[in-house]
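Engineer: What would the 3D arrangement of this be:
(one chain, ligands or ions: 1)
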Amino acid sequence: MRISDKAAARLKELGVELRQGVSLAEETSLGIGGTTDEILLRRYESIPEVMRLLADEHIPHRFLGGGTNVLIVDGELPWVVLHLPTAHPGMRVEGNAAYVDASADLGGMVTFCAKHDLGGMEGLIGVPGSVGGALRMNAGAYGTQIGPHVREVELYRAATGEIETLRGSDIRFDYRHTSFAPDDLMLRVKLELPSKPFKEIIAGIKVCNEKRRASQPLNQKSAGCIFKNPPGGSAGRMIDELGLKGHRVGDAMVSDRHANFFVNAGHASCSDMLKLIDDVRERVRGAYGVELENEVIVWRN
Ligand code: EPU
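Structural biologist: Next up is the predicted model:
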């Protein structure tokens, strides 16, 4: 979708940066996605006004975080994409509290806190993506989830059109699911983390990195796990047991390293990846009677 010159001029007055005709394939870890205009929200204070302008001009939009857990349709997209700038995100520590911008890289945040002797997040070290995306999905790995550490979240709420601060205790964090609305835009978070010596944290980080390297296809284009694990089960193990590693539709392929990672092994289209997801879901349903739920977020037209 292209923003008209008139709307672009008004948006620029609000301090946003416009990028025209951006290929989202280049902004997502799967390397899949169509083309649209992108709005970089440089000043948080102006977000409510930017959103009112988009509503007045009937410009549909979506928020893109780190782009590491999303599968986006191909072609010219019917909505513009909103982004927070990722360069120099704000991060500071005060006692056991860490205040971090949602656009910060999750791993960067974990190491920043480690340098201030704040731990508890070691398991999240290799999870790709932004802090905002991790909050929205309640990212987790190796027994750690971000949710229990959250004390406050500052966000733009589309429902009220305002920037608000929510207390951690008012947010529900479940397995890869939270009570945030789909159109809430995470801006900043306050975390409370346990004190731990830097050396101990680094040792924990090393263990998690090794486990991840041994079991996940880190050098291939993917969106991490495609399906959530069903209660008490493992999607990866079930897909593996069905002999589906290496199974492909076009260039969309079940990783031969971890069966719940689907990789773009070349120039996979969104429809290749969707067909592969449906095919694997159907085979798992047939063999185990289990309906796998997507973990990856799919943006269709
Ligand atoms: N397994 C297989 N074959 C495979 C993959 C896994 O047999 O191809 C078996 C493993 O041997 C193990 C079990 O399945 O016994 C579980 O595998 P793993 O330890 O790799 O964990 P997972 O349940 O597949 C979850 C998260 C990952 C996270 C890891 C480590 C989900 C959907 N996945 O994977 O998160 O990194 O644990 O904590 O919850 C993600 O969210 O995108 C993600 C990758």
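
Engineer: For burial, what's the neighbour tally of residue 138?
Structural biologist: 21 (other CB atoms under 10 Å). Where C-beta positions appear, they are placed from N, C-alpha and C, glycine not excepted.

Engineer: quick one: contacts for it?
Structural biologist: 145-147, 173-178 (CB atoms under 8 Å, 6 or more residues apart in numbering).

Engineer: could you dump those to CSV with distance to the ligand and secondary structure?
Structural biologist: Putting the contacts of residue 138 into CSV (distance: CB to the nearest ligand atom, whole Å; DSSP: H, G, I helix; E, B strand; the rest coil) gives the following:
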residue, distance to the ligand, secondary structure
145, 10, strand
146, 12, coil
147, 14, helix
173, 14, strand
174, 12, strand
175, 7, coil
176, 6, coil
177, 11, strand
178, 14, strand
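
Engineer: all strands for the stretch 51-200 of the chain, in order.
Structural biologist: 61-63, 70-72, 80-83, 91-94, 97-101, 140-141, 144-145, 150-157, 162-167, 173-174, 177-178, 184-192 (DSSP state E, counting those that start in this stretch).

Engineer: could you redo these as TSV and give each row distance to residue 50 and mean neighbour count?
Structural biologist: Output for the strands of the stretch 51-200 of the chain, formatted as TSV (distance: least, CB to CB, whole Å; neighbours: other CB atoms under 10 Å):
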stretch	distance to residue 50	mean neighbour count
strand 61-63	9	19
strand 70-72	21	24
strand 80-83	8	22
strand 91-94	24	13
strand 97-101	17	20
strand 140-141	32	18
strand 144-145	32	20
strand 150-157	9	20
strand 162-167	12	13
strand 173-174	28	15
strand 177-178	24	16
strand 184-192	11	21
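
Engineer: Mean pLDDT and distance to residue 294 for those strands - can I get that in CSV?
Structural biologist: Below are the strands of the stretch 51-200 of the chain laid out as CSV (pLDDT from 0 to 100; distance: least, CB to CB, whole Å):
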stretch, mean pLDDT, distance to residue 294
strand 61-63, 96, 17
strand 70-72, 98, 9
strand 80-83, 96, 20
strand 91-94, 98, 31
strand 97-101, 98, 27
strand 140-141, 96, 16
strand 144-145, 96, 19
strand 150-157, 98, 24
strand 162-167, 98, 26
strand 173-174, 98, 15
strand 177-178, 97, 12
strand 184-192, 97, 20
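
Engineer: looking at those strands, which is closest to residue 28?
Structural biologist: strand 70-72 (5.9 Å; CB to CB).

Engineer: Mind checking if the closest one is in reach of the ligand?
Structural biologist: No. Strand 70-72 stays clear of the ligand (CB under 6 Å from any ligand atom), getting no nearer than 11.7 Å.

Engineer: that older thread, ok, which of the strands of the stretch 51-200 of the chain comes nearest residue 121?
Structural biologist: strand 144-145 (6.2 Å).

Engineer: partners of the closest one in the sheet?
Structural biologist: Strand 144-145 pairs in its sheet with strand 140-141 (antiparallel), by DSSP bridges.

Engineer: Residues of the stretch 201-301 of the chain that sit close to the ligand?
Structural biologist: Counting by CB under 6 Å from any ligand atom, the stretch 201-301 of the chain sits next to the ligand at 215, 224-225, 228-229, 234, 236-237, 240, 258-260, 295.

Engineer: Give me the pLDDT value at the closest residue to residue 172 other than its chain neighbours.
Structural biologist: Nearest in space to residue 172, with sequence neighbours left out and distances taken as CB to CB, 6 or more residues apart in numbering, is residue 179 at 3.9 Å. We have a pLDDT of 98 for residue 179.

Engineer: measure residue 179 to residue 297 for me?
Structural biologist: Distance, residue 179 to residue 297, using CB to CB, to the nearest Å: 16 Å.

Engineer: and those two? which has more neighbours close in?
Structural biologist: Neighbour comparison, residue 179 and residue 297: the larger count goes to residue 297, with 16 against 12 (by other CB under 10 Å).

Engineer: ok, now which ones touch the closest residue to the more buried one other than its chain neighbours?
Structural biologist: Excluding its sequence neighbours, the residue lying closest to residue 297 (CB to CB, 6+ apart) is residue 70, at 4.8 Å. Listed by CB under 8 Å, 6+ apart, the contact set of residue 70 reads 28, 30, 33, 64, 223, 296-299.
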